[in-house]
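> next input, structure requested:
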Amino acid sequence: MPTDILGNALLDFQNKNYSSDIKTYSSLDEEDTIPVPYLFRDYKEMPQIEQKALALCKGDVLDIGCGAGSHSLYLQNKGHLVTALDYSVGAIEVCKQRGIKNTICSNIYTYNEKQYDTLLLLMNGVGLAGKLNQINRFFTHLKSILKPDGQIILDSSDIIYMFQEDEDGGYWIPDNDYYGEVTFNMEYKNKKSDAFDWLYIDYNTLQRAAIANNFNCKLIFEGDHYDYLASLSLNI
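Numbering: from 1, shown residues only. The predicted structure follows:
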């Protein structure tokens, strides 16, 4: 994105200039806040779903959408060979300052330098697909950087709970689009990002898309609030 909202906020915190959090505005008519200190959390502060994901990592790991690098840093300290990748210049600079040895500043779609044993997509990293009709393109690219016997570890959420429920237990959902497609803007210190698409995908839809793209899909863990952890492996 032209305005590196995330990177600026992370750099401020890293350089002890933290004074405000990131605001988010979504197409769901919600305003929310991302507490910047939380992006620097250590393992003990991570939710159980992230701890379980990190325990599953093996071999050469690519942490896609690494942000401040908290997951990469933990894996590196545990002896894993891990590379932190993010499109944000500021985020990658923070990762370097925090001591992460291998970093890449790139859009995931333009990165294809090597293949990995584990592709890690936490904090709803699958959201990078943007829209459900782009999931095939997303999976096709991930295949190109995944070793034949590798795995994709990802978490996401079924955001059906955010829609109004009727008396029969159904939900009022927009007719034209998949309900997990959300458009966001981020704001930090009065600077606002361009709008970007972000995908939340329920597990059943993920599983169908995975199978259509020749992946085996396994549900690993379900959280307390419509969130889940899944692993994908190539069907070979």
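
> the chain: helices as residue ranges?
Here the chain has its helices, by DSSP state H, at 5-14, 48-56, 70-77, 89-97, 135-144, 203-212.

> out of the ones you listed, flag the one nearest residue 158.
Closest to residue 158 of the helices of the chain, according to CB to CB: helix 203-212, at 6.9 Å. Placement of C-beta: from N, CA and C, glycine included.

> for that closest one, name the packing helices and strands.
helix 135-144, strand 215-222, strand 227-234 (3 or more CB pairs under 8 Å, 6 or more residues apart in numbering; DSSP states H and E).

> contact partners for residue 210?
Residue 210 is in contact with 139, 216, 217, 232, counting by CB atoms under 8 Å, 6 or more residues apart in numbering.

> touching the lengthiest strand in the chain from outside, list them.
Criterion DSSP state E: the longest strand present in the chain is strand 146-157. Strand 146-157 has contacts (CB under 8 Å, 6+ apart) with 49-50, 53, 56-60, 115-127, 142, 200-203, 206, 215, 225-234, 236.

> which of the residues you listed are buried?
49-50, 53, 57, 60, 116-127, 142, 200-203, 206, 215, 226-234 (16 or more other CB atoms under 10 Å).

> can you turn the buried part of the contacts of residue 210 into a ChimeraX selection?
Under the burial definition 16+ other CB under 10 Å, those of the contacts of residue 210 that qualify are selected in ChimeraX by:
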select :139,217,232
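
> gap between residue 49 and residue 10?
Distance, residue 49 to residue 10, by CB to CB, to the nearest Å: 22 Å.

> in this structure, which residue is most central in space?
Compute the mean C-alpha point of the chain, and by CA atoms, centre = their mean the closest residue is residue 125, 1.8 Å away.

> separation between it and residue 212?
Counting by CB to CB, the gap from residue 125 to residue 212 is 20 Å.

> do residue 15 as well
The value you get for residue 15 to residue 212, if CB to CB is used, is 45 Å.
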